[in-house]
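Trainee: show me the folded form of this:
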Amino acid sequence: MADLNEVEKLIVKTLQELGATKPEVLKTADDVMKKCNRPKSMVTNTLTNLANKGVIKRVAREKASGYFVLQQA
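Mentor: Sure thing, here's the model as predicted:
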């Protein structure tokens, strides 16, 4: 995870702390936002960047997308 910036590292750490480390345990952008106390736009942009890098997985659902960590730190 050396190629991640500080915000990306924070988001991954937050997902891990929330227990989102497998497909059965998904967390939303709102969950992450509340836990790490960052603006929702920053969280959603960072989640998208992390998904594009293959660090986390985005799962589309009816209401809100869920996320979980693919690569453990």
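Trainee: quick check: bridge partners of the nearest residue to L18 once chain neighbours are set aside?
Mentor: Nearest residue to L18, sequence neighbours excluded (CB to CB, 6 or more residues apart in numbering): K27, at 4.8 Å. Heads up, the C-betas are built off the backbone N, CA and C, glycines and all. Going by DSSP bridges, K27 is paired in beta bridges with Y67.
Trainee: so who does K27 touch?
Mentor: Applying CB atoms under 8 Å, 6 or more residues apart in numbering to K27 gives the contacts L15, L18, G19, A20, G66, Y67, F68.
Trainee: which single one of the residues you listed is nearest to K35?
Mentor: L18 (6.0 Å; CB to CB).
Trainee: the closest one: neighbour count?
Mentor: For L18, the neighbour count with other CB atoms under 10 Å is 20.
Trainee: hmm, it is touching D31, no?
Mentor: Yes: with contacts counted by CB atoms under 8 Å, L18 reaches D31, the gap being 6.0 Å.
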